[in-house]
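Colleague: Would you be able to build a 3D model of this:
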Amino acid sequence: MFSSSSGNPAGGGDEAAGRGGIGVLGGIGGAPDGDEDLDVSSQGEDSSRISMEIENLRFQLAMKKKELQYSQENKKLRAELALRAKDMEHLIKENEELKAQNEVLQNKENKKLRADLALKAKDMENLIKENEKLKAENELHFRSCNEHVFHDYRNCPKRRQAASSPEEEDGEDSLY
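Modeller: Numbers count the residues shown, from 1 in each chain. Below you'll find the model as predicted:
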């Protein structure tokens with residue numbers, strides 16, 4: 001009926017002691033023995049440890065992805081910065097060239113304006129001299145009356161007086 005290697009009447013031996021054999025302690029309605037508890041708890045610990053490791057690896061993967069994104073963005077920004085630096089150098093160089101060109105044009109324009117000013121100053125001097133000459137000629141015309149007024153020899157008051165007197169009818173009126 002019962003076969004047992006240890007002679008246990010409960011049907012057990014080694015099988016009943018811990019491996020689920022039929023017996024009093026490990027039988028069908030009996031409480032589980034300590035080794036099964038240990039196996040289940042170690043499996044639970046293993047599974048929780050594995051799930052924690054998986055979560056940890058997922059977190060590390062997410063962090064690495066962020067680092068990679070930051071690294072790629074950083075590379076893009078550095079490339080853009082390098083391009084902007086080159087553009088800035090080009091603009092600075094162009095600005096310096098434009099400043100030099102502006103200076104040259106200003107110098108040319110200043111020389112031209114100075115030449116025009118000198119020419120106008122000479123013209124003004126010539127006009128002043130001509131005006132002085134004309135004033136002197138005008139004074140010569142009125143020498144007969146010795147007055148510095150604006151009238152010509154025909155309506156000079158002295159000439160009128162002389163014309164009305166009989167002494168100067170000879171026609172010896174001189175302009176100078």
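Colleague: pull the longest helix from this structure.
Modeller: Longest helix in the chain by number of residues (criterion: DSSP state H): helix 34-141.
Colleague: tell me the mean pLDDT over it?
Modeller: In this model, helix 34-141 carries a mean pLDDT of 90.
Colleague: How many residues are close by residue 164?
Modeller: 8 (other C-beta atoms under 10 Å). Quick note: C-beta positions are derived from backbone N, CA and C, even for glycine.
Colleague: Check the gap between it and residue 56 for me.
Modeller: 138 Å (C-beta to C-beta, to the nearest Å).
Colleague: And for residue 72?
Modeller: 25 Å.
Colleague: What of residue 156?
Modeller: 127 Å.
Colleague: Tell me which of those two has more neighbours.
Modeller: residue 156 (20 against 10).
Colleague: Mind pulling up the pLDDT for that one?
Modeller: pLDDT at residue 156 comes out at 70.
Colleague: And residue 168, by the same measure?
Modeller: In this prediction residue 168 is given a pLDDT of 47.
Colleague: Please apply the same query to residue 161.
Modeller: Listed pLDDT for residue 161 reads 73.
Colleague: which SSE is it in?
Modeller: Assigned by DSSP states H and E, residue 161 belongs to helix 157-164.
Colleague: And residue 47, how close does it get to residue 128?
Modeller: Taking C-beta to C-beta, one finds residue 47 at 116 Å from residue 128.
Colleague: swap that for residue 136, please
Modeller: 13 Å.
Colleague: same check, this time on residue 98
Modeller: The value you get for residue 98 to residue 128, if C-beta to C-beta is used, is 43 Å.
Colleague: Likewise for residue 59?
Modeller: Residue 59 is 97 Å from residue 128, by C-beta to C-beta.
Colleague: Give me the neighbour count for residue 111.
Modeller: 10.
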